[in-house]
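Asks: Sharing a model prediction with you, sequence too.
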Amino acid sequence: MWRLIFHPIFGRLLAAQVVALLGTGLLTVALGLLAYDLAGPAAGAVLGTAYAIKMIAYVGLAPIAGALLSNIPRKPVLICADVTRAGVALFLPFITEVWQIYLAIFLLQTASATFTPTFQAVIPDVLKDEDDYARALSLSRVIYDLENLLSPALAGLLLLFISYHWLFGGTVIGFVVSALLIQATTLPKRQRGKARPFRERLTRGTRIYLATPRLRGLLALTVTAAAASAFVLVNTVVVVRSGFGGNDRDVAIALACFGGGSMLAALSLPRLLKRFSDRPVMIFGAGLLTLLMVVQAFIIPGWTLLLALWLLMGVGYATTLTPQGRLIRRSAHSEDQPSVFTAQFALSHLGWLIAYPLAGNVMTACDTKTTFAVLGTLGGIGLVTAMKLWPVGDPVIVPHRHPNLPKDHPHLKGDHERHAHPLIIDDEHRHWPTQG
């Protein structure tokens with residue numbers, strides 16, 4: 001897996017991802033401190049609103065941006081998104097009002113809603129080999145988890161010597177370096193499809209996504225992953241500080257266990273996916289998350305057991321979500337993959353848009369057990385729905401008929417009644433067949 005770091009194109013893209021994530025990590029720490037300076041004890045409400053704005057930008061604007069930019073080469077799209085994020089971050093130290101935080105977050109996440117799906121759609125064109133692509137997904141997951149561990153530590157070290165306002169400078173540097181690395185990289189040309197009106201470009205990715213059983217199953221599994229991760233990300237500080245009387249170091253240790261479990265799973269997945277198909281692996285991850293949430297609805301763990309549970313939650317989280325790129329690659333033609341990645345980006349964040357406020361509000365109004373009971377129920381619904389929507393075996397070759405096509409249509413190749421091939425939703429296959 002690590003040899004991919006030296007791939008002439010993917011290596012630079014990975015480096016761009018690393019520096020951009022480090023910049024984002026510094027931004028997260030600095031933004032929390034800025035919110036406390038402006039709002040004091042109400043900083044939590046400010047950040048909660050800011051993260052809600054982030055999710056709304058992801059869900060609402062990603063498809064629009066994808067449709068508007070679908071015919072533009074991907075390199076300038078990625079560079080402009082990075083430059084926009086750097087420009088917004090440059091003004092963050094001068095914010096003096098809470099509403100300015102909300103505006104800055106909206107602009108930042110609008111650019112991210114453009115950058116991330118475009119970046120994700122480039123990787124399958126760079127790494128054509130299925131095993132290399134699986135390794136790349138795992139490596140990206142490891143990098144993401146490392147950022148979650150290292151960025152707070154780096155921010156803490158820097159804050160020993162500088163004001164938190166200077167952390168925004170690190171954010172600017174991260175996005176600028178990311179743009180420079182992408183500029184220095186030769187990206188594969190965007191696969192051109194036929195010209196389509198804006199309305200079809202806007203909805204095409206979502207239509208393909210929701211018409212494909214394995215992708216509907218993926219969306220349901222994302223709800224399970226969101227339910228579990230929302231508790232960890234929103235309530236770990238409450239559990240550790242109030243439940244165990246811990247300090248900031250203890251909070252960091254608990255979150256590190258979650259990130260460490262996620263990294264452990266990501267490192268194991270390339271080998272695991274050679275032996276098993278995506279469905280049983282991802283269903284296992286979601287089942288593990290659901291089981292862990294249900295168990296904690298009935299017990300109050302001690303400190304050591306809590307760390308073990310957080311480690312297992314990380315394992316289940318990465319096992320559920322890391323293979324998602326493989327499903328999208330199998331489920332869309334090259335020219336449609338960017339719009340389907342955008343649909344996944346937008347639709348999946350609906351899960352977090354539900355789970356984040358649910359985790360915070362139930363915990364505030366009730367207690368840990370009740371919160372796990374509610375989130376465990378949500379996770380269980382996602383798991384059962386995925387098992388129903390995503391058929392066992394997930395066949396590649398699907399027998400089907402085309403009653404609306406003439407018998408001499410080139411797609412049929414003279415075989416109208418016994419037509420079977422790897423099925424992908426497109427112009428000739430607008431619906432998934434329920435029978436042969």
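Replies: Noted; the coordinates are in hand.

Asks: Where do the helices of the stretch 1-150 of the chain begin and end?
Replies: Here the stretch 1-150 of the chain has its helices, by DSSP state H, counting those that start in this stretch, at 10-39, 43-68, 74-91, 98-126, 130-159.

Asks: Output the ones you listed as TSV; include the columns distance to Gly376.
Replies: (Each C-beta comes from the backbone N, C-alpha and C, glycine too.) Compiled in TSV, these are given as follows (distance: least, Cβ to Cβ, whole Å):
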stretch	distance to Gly376
helix 10-39	27
helix 43-68	22
helix 74-91	36
helix 98-126	29
helix 130-159	23
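
Asks: Reformat those helices as JSON lines; add mean pLDDT and mean neighbour count.
Replies: Putting the helices of the stretch 1-150 of the chain into JSON lines (pLDDT from 0 to 100; neighbours: other Cβ atoms under 10 Å) gives the following:
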{"stretch": "helix 10-39", "mean pLDDT": "80", "mean neighbour count": "21"}
{"stretch": "helix 43-68", "mean pLDDT": "74", "mean neighbour count": "19"}
{"stretch": "helix 74-91", "mean pLDDT": "90", "mean neighbour count": "20"}
{"stretch": "helix 98-126", "mean pLDDT": "84", "mean neighbour count": "21"}
{"stretch": "helix 130-159", "mean pLDDT": "71", "mean neighbour count": "19"}
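
Asks: of all these, which lies closest to Phe231?
Replies: Proximity to Phe231 (Cβ to Cβ) singles out helix 43-68 among those, at 14.7 Å.

Asks: elements contacting the closest one?
Replies: Packing contacts for helix 43-68, counted by 3 or more Cβ pairs under 8 Å, 6 or more residues apart in numbering; DSSP states H and E, involve helix 10-39, helix 98-126, helix 198-211, helix 337-365.

Asks: Please convert those to TSV, extending it with distance to Gly259.
Replies: Shown next, in TSV, are the helices and strands packed on helix 43-68 (distance: least, Cβ to Cβ, whole Å):
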stretch	distance to Gly259
helix 10-39	12
helix 98-126	20
helix 198-211	29
helix 337-365	17
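
Asks: of those helices, which approaches Leu159 most closely?
Replies: Ranking the helices and strands packed on helix 43-68 by proximity to Leu159 (Cβ to Cβ) places helix 10-39 first, at 8.1 Å.

Asks: Output the contacting helices and strands for that closest one.
Replies: By 3+ Cβ pairs under 8 Å, 6+ apart, helix 10-39 packs against helix 43-68, helix 74-91, helix 98-126, helix 130-159, helix 167-183.

Asks: Of the helices of the stretch 1-150 of the chain, which is nearest Ala297?
Replies: Nearest of the helices of the stretch 1-150 of the chain to Ala297, taken as Cβ to Cβ: helix 43-68 at 23.6 Å.

Asks: ok now that closest one, how far from the chain's centre?
Replies: Mean-position distance between helix 43-68 and its chain equals 14 Å (Cα atoms, centre = their mean, to the nearest Å).

Asks: just to revisit the earlier point, and the helices and strands packed on helix 10-39: which comes nearest Pro280?
Replies: Closest approach to Pro280 among the helices and strands packed on helix 10-39 (Cβ to Cβ): helix 130-159, 15.2 Å.

Asks: Ok, which of the helices and strands packed on helix 10-39 comes nearest Val223?
Replies: helix 43-68 (13.7 Å).

Asks: ok and the closest one relative to helix 198-211, angle-wise?
Replies: Counting by axes from the mean of the first three to the mean of the last three Cα atoms, to 10 degrees, helix 43-68 lies at 110 degrees to helix 198-211.

Asks: tell me the angle helix 43-68 makes with helix 337-365.
Replies: Put simply, helix 43-68 runs at 160 degrees to helix 337-365, going by the same axes, to 10 degrees.

Asks: and stretch 328-335, what's its mean pLDDT?
Replies: Across stretch 328-335, pLDDT averages out at 80.

Asks: now the end-to-end length of that stretch.
Replies: For stretch 328-335, the first and last residues are 12 Å from each other (Cα to Cα, to the nearest Å).

Asks: buried sites along that stretch?
Replies: Across stretch 328-335, burial judged by 16 or more other Cβ atoms under 10 Å covers Ile328, Arg329, Arg330, Ser331, Ala332.

Asks: still on that earlier bit, of the helices of the stretch 1-150 of the chain, which is nearest Thr222?
Replies: Closest approach to Thr222 among those is made by helix 43-68 (12.5 Å; Cβ to Cβ).

Asks: Compute the inter-axis angle for the closest one and helix 10-39.
Replies: Angle, helix 43-68 to helix 10-39, by the same axes, to 10 degrees: 140 degrees.
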